[in-house]
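A.B. asks: sequence-free structure coming up:
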């Protein structure tokens, strides 16, 4: 995800040969690289966090219950 963002950003802003169809990504690409990259890191970490959270449900059911209570 991060490599894709970097290549798309470079292609749009430096080369001008790539167009982005996703309106949310257009907003990220229009930001300075470091800001868009930081936001993309946060967006990319959400699925990892959710998968780890679901994994803990089966490995540590009591910890999952406590964590889900805090999140919700």
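C.D. replies: Done, it's in. Every value quoted in this text rests on a predicted model; they were computed, and no experiment measured them.
A.B. asks: now stretch 14-26: buried residues?
C.D. replies: By neighbour count with 16 or more other Cβ atoms under 10 Å, stretch 14-26 contains the buried residues 20, 25. In this view, the C-beta of every residue, glycine as well, is placed from N, C-alpha and C.
A.B. asks: give the rounded mean pLDDT of that stretch.
C.D. replies: On average, the pLDDT along stretch 14-26 is 72.
A.B. asks: got the end-to-end distance for it?
C.D. replies: 15 Å (Cα to Cα, to the nearest Å).
A.B. asks: now name the helix or strand holding the spatially most distant residue from the centre of the chain.
C.D. replies: Among residues of the chain, the one most distant from the C-alpha centroid is residue 62; the distance is 28.1 Å, by Cα atoms, centre = their mean. Assessed by DSSP states H and E, residue 62 sits inside helix 61-71.
A.B. asks: what separates the longest helix seen in the chain from the chain centre, distance-wise?
C.D. replies: When the chain is parsed with DSSP state H, its longest helix is helix 33-59. The gap between where helix 33-59 is centred and where its chain is centred comes out at 6 Å by Cα atoms, centre = their mean, to the nearest Å.
A.B. asks: what packs against it?
C.D. replies: helix 2-10, helix 23-30, helix 61-71 (3 or more Cβ pairs under 8 Å, 6 or more residues apart in numbering; DSSP states H and E).
A.B. asks: go with 6 Å
C.D. replies: helix 61-71 (3 or more Cβ pairs under 6 Å, 6 or more residues apart in numbering; DSSP states H and E).
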